[in-house]
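[1] Below are the sequence and a predicted model for it; my questions follow.
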Number of protein chains: 2
Amino acid sequence: MSRILIVEDEPQLLRALTINLRARGYEVKPVADGRSALVVAGAGEIDLIILDLGLPDMDGVDVVRALRGWNNVPVIVLSARDAQAAKVGALDAGADDYVTKPFGMDELLARIRAALRRTDSTNDAPIVRTASFTVDLSAKRAERDGHEVRLTPTEWHLLELLVRNPGKLLSQQQLLQQVWGPSYATETNYLRVYMAQLRRKLEPNPSQPQHLLTEPGMGYRFAP
Amino acid sequence: MSRILIVEDEPQLLRALTINLRARGYEVKPVADGRSALVVAGAGEIDLIILDLGLPDMDGVDVVRALRGWNNVPVIVLSARDAQAAKVGALDAGADDYVTKPFGMDELLARIRAALRRTDSTNDAPIVRTASFTVDLSAKRAERDGHEVRLTPTEWHLLELLVRNPGKLLSQQQLLQQVWGPSYATETNYLRVYMAQLRRKLEPNPSQPQHLLTEPGMGYRFAP
DNA sequence: CTTGCACGTTAGGAACCCGTCAAGATCGAG
DNA sequence: CTCGATCTTGACGGGTTCCTAACGTGCAAG
């Protein structure tokens, strides 16, 4: 069964969550602050993290960011009802889902199942094909019409994000923060330039893209 | 069977409701003021609360607000016909639905069933389907008759709020504040414009909407 | 019937976003 | 140091979205 790391400073809630998840057959590691969370996560063997944003020692968003530096384990964030901004920040930093307090145990369990299901399915499809090009994620190669296409590191990073989330809309902030880092969230210029380059290299008709799509005002989407 | 807390200061009505609901098999806790309501609710084991806004000791809106601090049990508000403002306030504070006095027992029972059903249904499906359209919240995609429908950021934001609270009535203030920000709470014009656009894009017959419903004077509701 | 109110509908200009291009700036290899 | 590749930055035109105000409609009260 899956191993879950719970990071929550309220002892009552931490205990309740631990008991409930153990009762469902999960293996649970409860910790009460961000530092311990990073240590335990660093030790590996964790399939999912449940993280309260309101921690005593660190900003929860920083915890997510630190994790994302070397790990892609799914993170579900817990946040107070009024902490809208922190929630958004955590998602941008790479959290997978969020639950607003107060929440029902059923809802949390459902989101845990969903998150675990997601990682199961995404890891075993390293080659993505479309009508006009092919991307091999494990070999880091892209092909078009049988010829290999050379991509720069930045181009590759951006393409990988899009292709790993087929059909899903990725916001500009999400993309910018993942590719360029947290402080570049407003440099939408970069996105325009690099999306144009990817299209020029991969799309048959770059001015009418069929797979690397723009959703005005919202972000970009890869259509398989 | 479900446990219902009734908060009502008129003894006659309290008694009538209690008898009626018990006859339907619900377990009922009748109380006559706000303070007792919070105590009983705090003890837990309550699946739904029916709350009269005209209480002797506390403003009903404050009761809702206090509840929402630590609990997300559904709340149905009872209000006199002329207490329009209080009703809206209660919805903004987090109430789920309202019934105007005088009301029929059938109507109240129907709303009770709806509210209980809502919490039962495991909320893990980020894909919402109706007879005429489909909304995928995680991919940020909307479909109608198999075709994708393009929504602008504002349209999407509004639709997402409605769809994430199926069956629940969202007041105009709630919607305006969430989508446009706290200072736009009175610009009801925006809502009319954007609701019309959503209906035009999603409803088969926009002038007779079946899923994006108006509650005159109160707000809007998404009916699955 | 008149009046007032809330909602639906429409349209146009302002503000914003995106694709494109090209010229520096930076970096690493030889 | 020189050179090429890559990344950053700024500017512009065209398209989309948003805001705003006006008008139309249905309903209920007087």
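    Received the coordinates, thanks.
[2] Stretch A:197-216: end-to-end distance?
    End-to-end span of stretch A:197-216 (C-alpha to C-alpha, to the nearest Å): 18 Å.
[3] Next, the buried residues of it.
    Buried residues in stretch A:197-216, counting neighbours by 16 or more other C-beta atoms under 10 Å in any protein chain shown, are found at A:197-199, A:201-203, A:209, A:211-212, A:215. C-beta coordinates here come from the backbone N, C-alpha and C atoms, glycine included.
[4] Follow the chain on from the helix or strand bottoming out on mean pLDDT in chain A and name the next helix or strand.
    One helix or strand of chain A scores below all others by mean pLDDT, DSSP states H and E: helix A:84-93, with a mean of 70. Using DSSP states H and E, the helix or strand that follows helix A:84-93 towards the C-terminus is strand A:97-101.
[5] Could you look up the next helix or strand downstream of that next one?
    Counting by DSSP H and E, what follows strand A:97-101 is helix A:105-122.
[6] If you check chain A against DNA strand C, which residue is the closest one?
    Closest to DNA strand C within chain A is residue A:214: 3.3 Å, counting by C-beta to the nearest atom of the strand.
[7] gap between the residue most central in space within chain A and residue A:49?
    The geometric centre of chain A, computed from its C-alpha atoms, lies nearest to residue A:94 (C-alpha atoms, centre = their mean), at 4.2 Å. Separation of residue A:94 from residue A:49 (C-beta to C-beta, to the nearest Å): 11 Å.
[8] so where do the helices sit in chain A?
    Along chain A, the segments classed as helices by DSSP state H run A:11-23, A:34-42, A:60-68, A:84-93, A:105-122, A:153-164, A:172-179, A:188-202.
[9] Show me what the third one is packed against.
    Spelled out, it's helix A:60-68. helix A:34-42, strand A:48-52, strand A:75-80, helix A:84-93 (3 or more C-beta pairs under 8 Å, 6 or more residues apart in numbering or on different chains; DSSP states H and E).
[10] What parts of chain A come near DNA strand D?
    Those residues of chain A that sit near DNA strand D, judged by C-beta under 7 Å from any atom of the strand, are A:150, A:152-155, A:180, A:187, A:189-190, A:192-193, A:216-217.
[11] Go through these and single out the one with the most neighbours.
    Ranked by neighbour count (other C-beta atoms under 10 Å in any protein chain shown), those have residue A:155 at the top, with 19 neighbours.
[12] That one contacts residue A:195, doesn't it?
    No: counting by C-beta atoms under 8 Å, residue A:155 does not reach residue A:195; the two are 9.5 Å apart.
[13] Just the closest residue of chain A to chain B, please.
    Proximity of chain A to chain B (C-beta to the nearest C-beta) peaks at residue A:110, 3.0 Å away.
[14] On the pLDDT front, check that residue for me.
    Each residue has a pLDDT score; the one for residue A:110 is 80.
[15] Now do the contacts for residue A:27.
    Each residue near residue A:27 by C-beta atoms under 8 Å, 6 or more residues apart in numbering or on different chains is listed here: A:1-4.
[16] Model confidence for it, exactly?
    We have a pLDDT of 91 for residue A:27.
[17] Check the one 4 residues further on too.
    For residue A:31, the pLDDT comes out at 93.
[18] Tell me how far it lies from residue B:27.
    Noted for residue A:31: a distance of 39 Å to residue B:27, by C-beta to C-beta.
[19] same deal with residue A:28?
    When residue A:28 is compared with residue B:27 (using C-beta to C-beta), they lie 33 Å apart.
[20] just residue A:104 next, same as before
    Residue A:104 is 19 Å from residue B:27, by C-beta to C-beta.
[21] Same check on residue A:8?
    To residue B:27, residue A:8 is 32 Å away according to C-beta to C-beta.
[22] With adjacent residues omitted, what lies nearest to residue A:185?
    Nearest residue to residue A:185 in three dimensions, chain neighbours excluded: residue A:173, at 4.8 Å (C-beta to C-beta, 6 or more residues apart in numbering or on different chains).
[23] Get me the contact residues on chain A for chain B.
    Within chain A, the positions adjacent to chain B are A:81, A:102-104, A:106-107, A:110-111, A:113-114, A:167-169, A:215-218, A:221 by C-beta under 8 Å from any C-beta of the partner chain.
[24] So how do I select the buried members of those in PyMOL?
    Buried subset of the residues of chain A next to chain B, written as a PyMOL selection, criterion 16+ other C-beta under 10 Å:
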select buried, chain A and resi 103+107+110+111+114+168+169+215+218+221
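[25] Quick one: neighbours of residue A:98, just the number.
    A total of 20 residues lie near residue A:98 under the criterion other C-beta under 10 Å.
[26] Who are the contact partners of the closest residue to it other than its chain neighbours?
    Using C-beta to C-beta, 6+ apart and skipping residues adjacent in sequence, the residue nearest residue A:98 is residue A:77, 4.3 Å away. With contact set as C-beta under 8 Å, 6+ apart, residue A:77 has these partners: A:51-53, A:60, A:64, A:87, A:90-91, A:95, A:97-99.
[27] so can I have JSON lines of those showing distance to residue B:162?
    Conversion of the contacts of residue A:77 to JSON lines gives the following (distance: C-beta to C-beta, whole Å):
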{"residue": "A:51", "distance to residue B:162": "29"}
{"residue": "A:52", "distance to residue B:162": "28"}
{"residue": "A:53", "distance to residue B:162": "26"}
{"residue": "A:60", "distance to residue B:162": "29"}
{"residue": "A:64", "distance to residue B:162": "29"}
{"residue": "A:87", "distance to residue B:162": "19"}
{"residue": "A:90", "distance to residue B:162": "24"}
{"residue": "A:91", "distance to residue B:162": "21"}
{"residue": "A:95", "distance to residue B:162": "24"}
{"residue": "A:97", "distance to residue B:162": "20"}
{"residue": "A:98", "distance to residue B:162": "19"}
{"residue": "A:99", "distance to residue B:162": "20"}
